[in-house]
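Colleague: Predicted structure and sequence below. I'll ask about it afterward.
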Amino acid sequence: MENSLHITEPVALVRPRGAHRFEAFSPKLARRLTLYRRALLEQWFLLEADPAVTTFCERPGYVHVEGLQRLADFWVRYADRQELVILDDSHADEKMPKPHRALDGAALPIRSVSPADLAAARVWIDNWQRMLPCIVANRGLVSPSLPRAIERVLTHPQKLLAIEREFSTGDPVLVRTAVFGLLHAGRISAPDLHTQALSLLTSFVATEAIS
């Protein structure tokens, strides 16, 4: 049995009949991923946005849950632990590829995610759905000095509008990308994004300033 020391490749899966196909690029994994349910896309946003998550893999393998063979939706690694994530809308898989990748459900904790869990994080998910494309589209274009400079001025909460004005000599798109990248890395925080839509009035602050 494989106990998920490190899983980098998802199990190959034929697109389910009638399912949507979502293609995304993960800055955390530096690769594309394909998902076939909206709920999986939303859960990916939550994993991608969590700086405590060091890496993850979609469709990591099959695990027994309550006597049924299930394809786990994600394997997730944190600094001090690992887990499998299964969404409540997942189904038992009757037709598994042969050979299939088996995971040890006794060795890895399994976290169940319900529709209510995703609904509770709706605003946060929607905000990352706006921020991640900016990070992806401009990756490699932001000077390493820009995030460091922005982080230095965020010793107290400042609105996105004020940050863009502070660095007005640069491209505002890259300034915004740098801010979102710092948030993605966990170097700054923006608690309002859990309850309010992203705007020029959203406040950001360095995490060291609030620790």
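Modeller: Looks like it arrived, so ask away.
Colleague: rest of the way, CA atoms for contacts and neighbours
Modeller: OK.
Colleague: Do a quick rundown of the helices in the protein.
Modeller: Using DSSP state H, the helices found in the chain span residues 38-49, 115-120, 122-137, 145-153, 160-166, 172-185, 207-210.
Colleague: May I see the buried residues of the second one?
Modeller: Same thing as helix 115-120. Neighbour counts over helix 115-120 (16 or more other CA atoms under 10 Å) mark Leu118 as buried.
Colleague: other SSEs contacting that helix?
Modeller: Counting contacts by 3 or more CA pairs under 8 Å, 6 or more residues apart in numbering; DSSP states H and E, helix 115-120 packs against helix 38-49.
Colleague: residues making contact with the helix it packs on?
Modeller: The contact list for helix 38-49, computed with CA atoms under 8 Å, 6 or more residues apart in numbering, reads 20, 22, 26-28, 35, 53, 56, 73, 87, 115, 118, 125, 128-129, 184.
Colleague: re the thing from before, kindly reformat the helices of the chain as CSV containing distance to Asp80 and mean pLDDT.
Modeller: Output for these, formatted as CSV (distance: least, CA to CA, whole Å; pLDDT from 0 to 100):
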stretch, distance to Asp80, mean pLDDT
helix 38-49, 16, 97
helix 115-120, 23, 97
helix 122-137, 25, 97
helix 145-153, 26, 96
helix 160-166, 33, 96
helix 172-185, 17, 97
helix 207-210, 20, 78
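Colleague: okay, those helices in TSV with distance to Gly67 next?
Modeller: Converted to TSV, the helices of the chain look like this (distance: least, CA to CA, whole Å):
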stretch	distance to Gly67
helix 38-49	23
helix 115-120	23
helix 122-137	32
helix 145-153	49
helix 160-166	50
helix 172-185	38
helix 207-210	44
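Colleague: now for the ones you listed, which one comes closest to Ser199?
Modeller: Closest of these to Ser199 is helix 160-166, at 7.5 Å (criterion: CA to CA).
Colleague: The closest one: which residues count as buried?
Modeller: Buried-residue list, helix 160-166, by 16+ other CA under 10 Å: Leu160, Ile163, Glu164.
Colleague: do stretch 75-82 as well
Modeller: Buried residues in stretch 75-82, defined by neighbour count with 16+ other CA under 10 Å: Trp75, Val76, Arg77, Gln82.
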